[in-house]
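Colleague: model this:
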Amino acid sequence: MVNKCNLCGAKEFKKIISDNGYLVVECLNCGLVYLRNPPSKKEMKNLYSFENGYRKNAAKKKRDIERAMAQLKFINKHGQKGELLDVGCSVGLLLDFAKKDGWDVRGLDISKDALKVARDDFGLDVKEGVIAENSYPKEEFDVIHLGDYIEHVPDPKKTIGILKSFLKKNGVLVLTTPNSGGLSPRVSKNFSQLFGIWTHADPPAHLFQFSKKTIKNLLSGHGFQKITFFRTPFKIEGPVANFRARSLHKSVGGFFYTVLFMPLSIIGFLINQGSSMAVVAGRK
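Modeller: This next block holds a predicted model:
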């Protein structure tokens with residue numbers, strides 16, 4: 001059981017929804033959304049095995065290939081080409097494209113199955129595990145990329161601090177993560193208990209949900225500067241497909257929830273208040 005907010009340390013919270021036995025709450029002090037009763041380490045690792053369908057055949061899926069290409073384009077725009085670390089690299093699609101584009105690449109992931117594909121199919125320098133202080137040398141990378149990763153880790157505050165130490169001076173952290181402050185998540189959260197669903201939460205995989213405010217507080221608390229927000233570099237079909245997958249099949253309430261709030265997801269994406277966000281932060 002999580003007894004205090006990872007970001008600010010406050011113990012007071014309010015319930016948003018109970019989903020599949022997991023209690024999703026919001027810190028009353030800083031607004032961070034988190035799971036009060038997260039899964040065990042063993043349960044989390046099982047979530048990311050190919051046996052449970054996680055990213056199986058990702059190296060061959062058109063959507064995943066297009067996503068990796070969009071990620072690289074975004075990284076090239078905001079980072080200086082050199083040493084790239086992809087944390088949560090999965091099968092290594094982004095790293096493969098980056099390597100071909102002239103980057104020196106390394107990756108880290110907890111999925112043994114995904115890393116086997118990365119090594120066998122792409123010949124990538126990747127290793128299994130979670131971020132720790134001895135994972136890599138200090139001031140090693142020009143860019144560190146976290147693609148929908150930070151919401152999965154048990155201790156985001158500690159993780160960001162460690163990752164900062166791996167960045168070279170003037171290096172850049174690039175991340176994408178769900179945006180709990182986006183138009184659709186923000187409005188639909190108020191109706192979550194009525195419909196019995198809040199698609200944005202996605203437990204137990206997502207341990208945290210950040211808004212622009214809370215992710216900025218997390219990064220600035222570790223001394224990151226020039227924190228800038230962007231629309232995620234993916235096509236609009238991504239958020240729409242995710243929305244449908246997480247709601248339509250669940251219940252009658254989920255159907256009406258989708259009819260009401262999926263249009264907000266599309267509008268939010270178009271006006272840069274989408275259900276996901278891209279963030280670029282610099283180390284000085």
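Colleague: okay, now Ile271: neighbour count?
Modeller: Ile271 has 11 neighbours, counted by other Cβ atoms under 10 Å. Just so you know, the C-beta spots here come from the backbone N, C-alpha and C atoms, and that holds for glycine as well.
Colleague: Quick one, grab the pLDDT at it.
Modeller: On the pLDDT scale, Ile271 is placed at 83.
Colleague: Please name the nearest non-neighbouring residue to it.
Modeller: Spatial nearest neighbour of Ile271, excluding adjacent residues (Cβ to Cβ, 6 or more residues apart in numbering): Leu183 at 7.4 Å.
Colleague: What lies in contact with stretch 148-159?
Modeller: Stretch 148-159 has contacts (Cβ atoms under 8 Å, 6 or more residues apart in numbering) with 6-7, 38, 44, 87-88, 130-131, 160, 175-178, 205-210, 215, 218, 221, 276.
Colleague: So how do I select the buried members of these in ChimeraX?
Modeller: The following ChimeraX line selects those of the contacts of stretch 148-159 that are buried, judged by 16 or more other Cβ atoms under 10 Å:
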select :6,7,38,44,87,88,130,131,160,175,176,177,178,206,207,208,209,210,215,218,276
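Colleague: Among the contacts of stretch 148-159, which are located in strands?
Modeller: Val87, Leu175, Thr176, Thr177, Pro178, Phe208, Gln209, Ser276 (DSSP state E).
Colleague: now stretch 162-170: how far from the chain's centre is it?
Modeller: Averaging C-alpha positions (Cα atoms, centre = their mean, to the nearest Å) puts stretch 162-170 19 Å from its chain's average.
Colleague: And what about Gln193, helix, strand or coil?
Modeller: Following DSSP: H, G, I helix; E, B strand; the rest coil, Gln193 is assigned to helix.
Colleague: Which residues are in contact with the residue lying closest to it once chain neighbours are set aside?
Modeller: The shortest distance from Gln193 to any non-neighbouring residue, by Cβ to Cβ, 6+ apart, is to Ile17 (6.0 Å). Applying Cβ under 8 Å, 6+ apart to Ile17 gives the contacts Val24, Ser192, Gln193, Gly196, Ile197, Trp198, Ala201.
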